[in-house]
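**Student:** turn this into a model:
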Amino acid sequence: MQFLEELRFLKEQLKVNEAIDLPRKFDNIVVAGMGGSGISGKIFQELYSEKPVFLVEDYEIPNFVSKNTLFIGISYSGSTQEVLTATKSAVKKEASTVTISAGGELADHGDQHINIPRKDLQPRSATGYMLTPFLRGFKICSESEIKEAYKLLSDLDGDHKECSKHAKAIADAQAIPVIYGVRPFKSVAYRWKTQFNENSKIIAYSGSFPELNHNDTMAIAKTYRKKGFYYFTFSPQDKRILRRIQVTEKITNSKFAIIDPKGSGPVAQTLYLIHYGDYVSYEVGMLRGVDPTDVSLIQKLKSEISK
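**Tutor:** Numbering: from 1, shown residues only. So this is what the prediction gives:
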């Protein structure tokens, strides 16, 4: 499958009917995932607030993990060292354990396994497969919002001229993208950052309002090579955050590209913004003449550390 087809396949993944089975009783949730597989956990943590959610992006799990924990291990390949190690530890601690993968050793562990039906995608292109079981299992949104997200993604597949304009501006200036998220899209800003890393093969940076106003504000105004950065943020629902964006632009003499999150609810809006960033990062890569599917250095690193 060509990478552009992978991008366009995101909407079809929303049709998956798999759902995480929730135990009768649990006090907290731990989600382990790395890279493109781990982004669904970050999105879930931001959308869900009924119980504490802790993210594991390492080999070790928190000491509080117990039989009262719902542990979810995600690895597209099913062979990610960090996730396998963390999941085995959770099983030993008798946590209710769910695994999500397209096979691999991870599928052999835990109480429930959710199988990703496609094995020919980049992990970062399987976000729908990994996120939808959270949405359905935790009832984060209605089926109508998922259908709305499908239409929004379809429309963006048909017309993403605005994405192309941003991509050209970044490539022409050889700029470093800086993506500042706003609640509930802080995880989306991080997703954009990693998509620029892998799809475009460029350094990118992510942060969020209002936290950045307590540190980044000085750097935006006075950094080296000030014109070498391209700033994005998303239209906030909170008027206080909108005011912060406006004042930040003014006092730092900077301009932010503000992307409007289309959709009637946070899930549809999140998926729309994710797809928007997919296209911008993909097109920057195309303008640079790089292969968005090339992850050879990541594979080399995994090979070297496994010796």
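**Student:** with adjacent residues omitted, what lies nearest to Asp216?
**Tutor:** Residue nearest to Asp216 in three dimensions, not counting chain neighbours: Gly207, with 5.8 Å by C-beta to C-beta, 6 or more residues apart in numbering. (C-beta placed from N, C-alpha, C; glycine too.)
**Student:** list the strands paired with the helix or strand that contains the one you found, with their directions.
**Tutor:** Per DSSP states H and E, Gly207 falls inside strand 205-208. Sheet pairing of strand 205-208 (DSSP bridges) gives strand 176-181 (parallel).
**Student:** buried set for the strand it pairs with?
**Tutor:** For strand 176-181, the neighbour count (16 or more other C-beta atoms under 10 Å) marks Ile176, Pro177, Val178, Ile179, Tyr180, Gly181 as buried.
**Student:** so the first one makes contact with Tyr231?
**Tutor:** To tie it back to what came earlier, the one meant is Ile176. No. Look at Ile176 against Tyr231 with C-beta atoms under 8 Å: they stay out of range, at 9.9 Å.
**Student:** what's the neighbour count on the closest residue in space to Val290 that isn't next to it in sequence?
**Tutor:** Excluding the flanking residues, the one nearest Val290 by C-beta to C-beta, 6+ apart is Lys201, at 4.7 Å. The local packing of Lys201 (other C-beta atoms under 10 Å) involves 17 other residues.
**Student:** same question, Asp260
**Tutor:** Neighbours around Asp260, by other C-beta under 10 Å: 12.
**Student:** check contacts around it.
**Tutor:** By C-beta atoms under 8 Å, 6 or more residues apart in numbering, Asp260 lies in contact with Phe234, Ser235.
**Student:** quick one: residues contacting Gly263.
**Tutor:** Glu145, Glu148, Ala149, Leu152, Gln269, Leu271, Tyr272.
**Student:** wait, the second one sits on Ala268?
**Tutor:** What that stands for is Glu148. Yes. With contact defined as C-beta under 8 Å, Glu148 reaches Ala268; the gap is 4.7 Å.
**Student:** can you name the helix or strand that the residue of the chain positioned farthest from its centre falls in?
**Tutor:** Here the chain reaches farthest from its C-alpha mean at Ile251, the gap being 30.5 Å by C-alpha atoms, centre = their mean. Element membership for Ile251, per DSSP H and E: helix 239-252.
**Student:** contacts for that helix, please.
**Tutor:** Helix 239-252 has contacts (C-beta under 8 Å, 6+ apart) with 182-183, 209-210, 212-213, 217, 220-221, 233, 235-236, 254-256, 258.
**Student:** how does it look with 6 Å?
**Tutor:** Contact partners of helix 239-252, identified using C-beta atoms under 6 Å, 6 or more residues apart in numbering, comprise Val182, Phe209, Pro210, Asn213, Ile220, Ala221, Thr233, Pro236, Phe256.
**Student:** report the two of those residues separated the most.
**Tutor:** Maximum pairwise distance among these (C-beta to C-beta): 21.2 Å, between Ala221 and Pro236.
**Student:** which of these two has more neighbours?
**Tutor:** Pro236 (21 against 13).
**Student:** can you give me the distance of the residue nearest to Asp216 to Lys168?
**Tutor:** For Gly207, the distance to Lys168 equals 24 Å [C-beta to C-beta, to the nearest Å].
**Student:** of the two, who's got more company?
**Tutor:** Legend: neighbour count by other C-beta under 10 Å for Gly207 and Lys168, higher for Gly207 (18 against 14).
**Student:** just confirm the more buried one contacts Gly181, I think it does.
**Tutor:** No. Contact between Gly207 and Gly181 fails when scored by C-beta atoms under 6 Å: they sit 7.4 Å apart.
**Student:** circling back: I figured the residue nearest to Val290 hits Asp291, correct?
**Tutor:** No. Applying C-beta under 6 Å as the test, Lys201 and Asp291 come out as separate, 8.6 Å apart.
**Student:** Ile114 belongs to a strand?
**Tutor:** Yes. Per DSSP: H, G, I helix; E, B strand; the rest coil, Ile114 lies within a strand segment.
**Student:** quick one: low-confidence ranges for the protein?
**Tutor:** Low-confidence segments of the chain, defined by pLDDT under 70: 1.
**Student:** how is it divided into domains?
**Tutor:** Domain ranges of the chain: 3-140, 145-288, per automatic domain parsing.
**Student:** want to try a markdown table for those domains, with distance to Leu301 as columns?
**Tutor:** What follows is these, written out as a markdown table (distance: least, C-beta to C-beta, whole Å):
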| stretch | distance to Leu301 |
| --- | --- |
| domain 3-140 | 11 |
| domain 145-288 | 14 |
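**Student:** among those, which is nearest Lys302?
**Tutor:** domain 3-140 (7.9 Å).
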